[in-house]
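[1] no letters, just coordinates:
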């Protein structure tokens, strides 16, 4: 079995998620493809702000998982296994 690089897998998975999410956003206006943008969003609704007077730190995280991003993730895994 040949060695596959973890970093290549990680980059491909992230690219699949981002491109899938982008395609879902594009398909939102098309009635028969609108299901691609269906998903769930979770994370912090408002950012956490820590104010030290001279230093302000803001923490925030929001993740939106859509059908298109799941399809992009699956395609990235398939492509990774083929290379």
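    Looks like it arrived, so ask away. Just so it is clear, the structure is predicted and the values come from calculations on it, not from any experiment. Residues are numbered from 1 along each chain as shown.

[2] show me the shaky parts of the chain.
    1-3 (pLDDT under 70).

[3] please repeat the previous calculation with a cut-off of 90.
    1-9, 21, 24-47, 61-65, 81-83 (pLDDT under 90).

[4] ranges for the helices of it?
    6-27, 67-82 (DSSP state H).

[5] flag every buried residue along the shortest one.
    I take that to be helix 67-82. Residues of helix 67-82 classed as buried: 68, 69, 70, 71, 72, 73, 76, 80 (neighbour count, 16 or more other C-beta atoms under 10 Å). Just so you know, the C-beta spots here come from the backbone N, C-alpha and C atoms, and that holds for glycine as well.

[6] what sits against the closest residue in space to the first one that isn't next to it in sequence?
    Distances taken as C-beta to C-beta, 6 or more residues apart in numbering place residue 24 nearest to residue 68, at 3.1 Å, with adjacent residues excluded. By C-beta atoms under 8 Å, 6 or more residues apart in numbering, the residues touching residue 24 are 36, 37, 39, 66, 67, 68, 69.
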